[in-house]
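**Q** what's the 3D shape of this:
(one chain, ligands or ions: 1)
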Amino acid sequence: MGGHFRTVADQCGIPCQIGCGLSIIRPMLRGSCGPVARRPVHRDAPESRSSDMLFTSRTHVSPNPGTVRTMELLILGVGDAFTRKHFGSSGLLRSDSGLVLIDCPDPIHRVIAEASRRAGWQVDAHDIHDIVLTHLHGDHCNGLESFGFLRRMTRAQGGDLPLPRIHCPQPVADRLWERLAPAMDSPMADGRRSTLADYFEVQLLDPDEPREIAGIEVSCRFTRHPIPTIGLRFRDQERIIGWSGDTPFEGDHVDWLSAAGLVVHECNRGPAHTPIEELEDLPQDLRRRIHLIHLPDDFDPTSTSMHVLRPGDVLPQPN
Ligand SMILES: [Zn+2]
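**A** Residues are numbered from 1 along each chain as shown. Presented below is the predicted three-dimensional model:
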């Protein structure tokens, strides 16, 4: 969704004098969890300059993994903004230290209930105190209204629950209340107009500084979706899970995600999203790690060798 889209040429990650917009496959001699082999190469620049320095810096992983030993990711919804069959793409991380909701589509309470029942998890919204919000398109944030109202009413009735925390980048935080206020700023019991702070505590995510949420180290990177949007990496002491967020195909973003042993990547029709053909061109080692989400209803799961996610899936899956 969005009002304007970038051109194909804009998807090339490096400023270019001639706007070539080209990408080619170039295997890189690194480990299985190393950077993606697909990277932009500019014909007007010496190959040796295009590359390793840029990719090394962008794939840097901090030496401080989260404090929890293991995390699991429950897939809640796999659909896009127009789905008639699914819920909006979203997930729920579980660690020894708590739960982290990744995006909050409507109807969030049913989304959580149905996926957790499929997975055998005993979870509802009152168990979730941290929400990572990638961007403000409705299929990713419309559930915040009912999540926030329920939590506020429960707390007002004496429920011993914390104010839920929304973790998002500055541009999302700047317009979050603008998005929610028309439905949520009316007075409640105390006679004054409600504010965002009555419902949520906002904590900023900074692409330059990983932070810990529920014992999980969380890193983010802005994508080229039409509105400010982040992709995510989640790290415990055993693994990294990548989450593309909504994004057109971008070699640098895939490269950043490829530090993860498991990558949840969106797949939908461009230009605001990533066509399946772009992902099919990636090296086999990476395609083996990619799990597809944010799919159109008519996507044929038999058309790809990559794993196609379903609601209720729990990652990592047993071998
Ligand atoms: Zn979007």
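**Q** and the residue most central in space within the chain, what does it touch?
**A** Central residue of the chain (CA atoms, centre = their mean): G245, 3.6 Å from the mean position. By CB atoms under 8 Å, 6 or more residues apart in numbering, the contact set of G245 is 134-135, 223, 225, 229-232, 266. In short, each C-beta sits where N, CA and C put it, glycine included.
**Q** can you say which two of these are spatially most distant?
**A** H225 and L232 (13.4 Å; CB to CB).
**Q** is the ion within reach of the host helix or strand of V264?
**A** V264 belongs to strand 262-266 when assigned by DSSP states H and E. No: if you take CB under 5 Å from the ion as the test, strand 262-266 misses the ion, and the best it gets is 8.7 Å.
**Q** any residues touching that strand, and which ones?
**A** By CB under 8 Å, 6+ apart, the surrounding residues in contact with strand 262-266 are 73, 75, 89, 91, 239-247, 254, 257, 273-274, 279, 286, 289-294, 309, 315-316.
**Q** so what's the closest residue to the ion within the stretch 201-319 of the chain closest to, chain neighbours aside?
**A** Residue nearest to the ion within the stretch 201-319 of the chain (CB to the ion): D246, separated by 3.6 Å. Spatial nearest neighbour of D246, chain neighbours left out: H225 (4.5 Å); criterion: CB to CB, 6 or more residues apart in numbering.
**Q** what's the local residue count around that neighbour?
**A** Per other CB atoms under 10 Å, the neighbour tally for H225 reads 25.
**Q** now it, what's its secondary structure?
**A** Assigned by DSSP: H, G, I helix; E, B strand; the rest coil, the conformation of H225 is coil.
**Q** does it touch F249 like I think?
**A** No: using CB atoms under 8 Å, H225 makes no contact with F249, being 11.6 Å away.
**Q** quick one: contacts for D130?
**A** 98-101, 164-165, 167, 213-214.
**Q** nearest to A181, of the residues you listed?
**A** Distances from A181 to the contacts of D130, taken by CB to CB, are shortest for P164, at 17.1 Å.
**Q** so the closest one makes contact with H129?
**A** Yes: using CB under 8 Å, P164 is in contact with H129, at 5.5 Å.
**Q** neighbour count: these two, which is higher?
**A** A direct count of neighbours by other CB under 10 Å for P164 and H129 places P164 higher, at 23 against 19.
**Q** could you pull up the residues touching the more buried one?
**A** With contacts defined as CB under 8 Å, 6+ apart, the neighbours of P164 are 128-131, 147-148, 151, 199-201.
**Q** mind doing that once more with 10 Å?
**A** 101, 104, 125-126, 128-131, 144, 147-148, 150-152, 155, 199-201 (CB atoms under 10 Å, 6 or more residues apart in numbering).
**Q** over to R152?
**A** 159, 161, 163-164, 184, 188, 194, 198-200.
**Q** could you dump those residues to TSV with secondary structure and distance to D80?
**A** Output for the contacts of R152, formatted as TSV (DSSP: H, G, I helix; E, B strand; the rest coil; distance: CB to CB, whole Å):
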residue	secondary structure	distance to D80
G159	coil	34
L161	coil	32
L163	coil	31
P164	coil	26
M184	helix	26
M188	coil	34
S194	coil	32
D198	helix	32
Y199	coil	27
F200	coil	26
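**Q** quick check: the residue in the stretch 51-200 of the chain that the ion sits nearest to vs T223, distance?
**A** Nearest to the ion, among the residues of the stretch 51-200 of the chain, is H137, at 3.5 Å (CB to the ion). With the distance defined as CB to CB, to the nearest Å, H137 ends up 12 Å from T223.
**Q** anything in contact with each of those two?
**A** Joint contacts of H137 and T223 (CB under 10 Å, 6+ apart) are 229, 246, 272.
**Q** many thanks, we can stop here.
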